[in-house]
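Chemist: Would you be able to build a 3D model of this:
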Amino acid sequence: MIPAPILDFRLSLGAMRRFKKQTGIDLRSADPKDIETQVSLIWAGIAHKYPGMTVDDVAELIDMSNYREINEFVEKQSQEADVKNP
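Modeler: Below is the predicted model of the structure:
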């Protein structure tokens, strides 16, 4: 159910900070194929628009009908984080 382009996702510094605070790891060293990484990154990137949404709420929005798209999206965002923040 998520897409629409991933609910106005933004990979801002705020999102990167939220991700690190949630997971304890820097996005540049995270495994983009890990489910916790995927859910946490999406949560961190949409929190500016959906401040009341929790990581668990985001996890419930991801299912096998959209998992491939989510997986590809998170991998792309992780690569962009590497390029923008060497």
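Chemist: hang on, isn't His48 packed against Ala15?
Modeler: Yes. If you go by C-beta atoms under 8 Å, His48 and Ala15 touch, sitting 7.4 Å apart. Placement of C-beta: from N, CA and C, glycine included.
Chemist: Among the two, which residue is more densely surrounded?
Modeler: Ala15 (22 against 14; other C-beta atoms under 10 Å).
Chemist: If I follow the layout properly, that one ends up in contact with Ile42?
Modeler: No. Between Ala15 and Ile42 there is no contact under C-beta under 8 Å: 9.7 Å.
Chemist: Once you drop chain neighbours, what's closest to Lys20?
Modeler: Asp26 (5.8 Å; C-beta to C-beta, 6 or more residues apart in numbering).
Chemist: Can you give me the buried ones in stretch 23-41?
Modeler: Across stretch 23-41, burial judged by 16 or more other C-beta atoms under 10 Å covers 23, 27, 30, 32, 37-41.
Chemist: Give me the mean pLDDT for that stretch.
Modeler: The average pLDDT within stretch 23-41 is 88.
Chemist: got it, and stretch 78-86?
Modeler: 60.
Chemist: Pull out the buried positions in the longest helix belonging to the chain.
Modeler: Longest helix in the chain, counting residues (DSSP state H): helix 67-84. Buried residues in helix 67-84, counted by 16+ other C-beta under 10 Å: 70, 73-74, 77-78, 81.
Chemist: Put the alpha carbons of the host helix or strand of Val58 into PDB.
Modeler: Here Val58 sits within helix 55-61, counting by DSSP states H and E. Output of helix 55-61 as PDB, limited to C-alpha atoms (Å, rounded to 0.1, in the frame of the first residue of the first chain):
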ATOM      1  CA  VAL A  55       8.100   2.400  12.700                       C
ATOM      2  CA  ASP A  56       5.600  -0.400  13.500                       C
ATOM      3  CA  ASP A  57       2.900   1.600  11.500                       C
ATOM      4  CA  VAL A  58       5.200   1.700   8.500                       C
ATOM      5  CA  ALA A  59       6.000  -2.000   8.800                       C
ATOM      6  CA  GLU A  60       2.300  -2.800   8.600                       C
ATOM      7  CA  LEU A  61       2.000  -0.800   5.400                       C
END
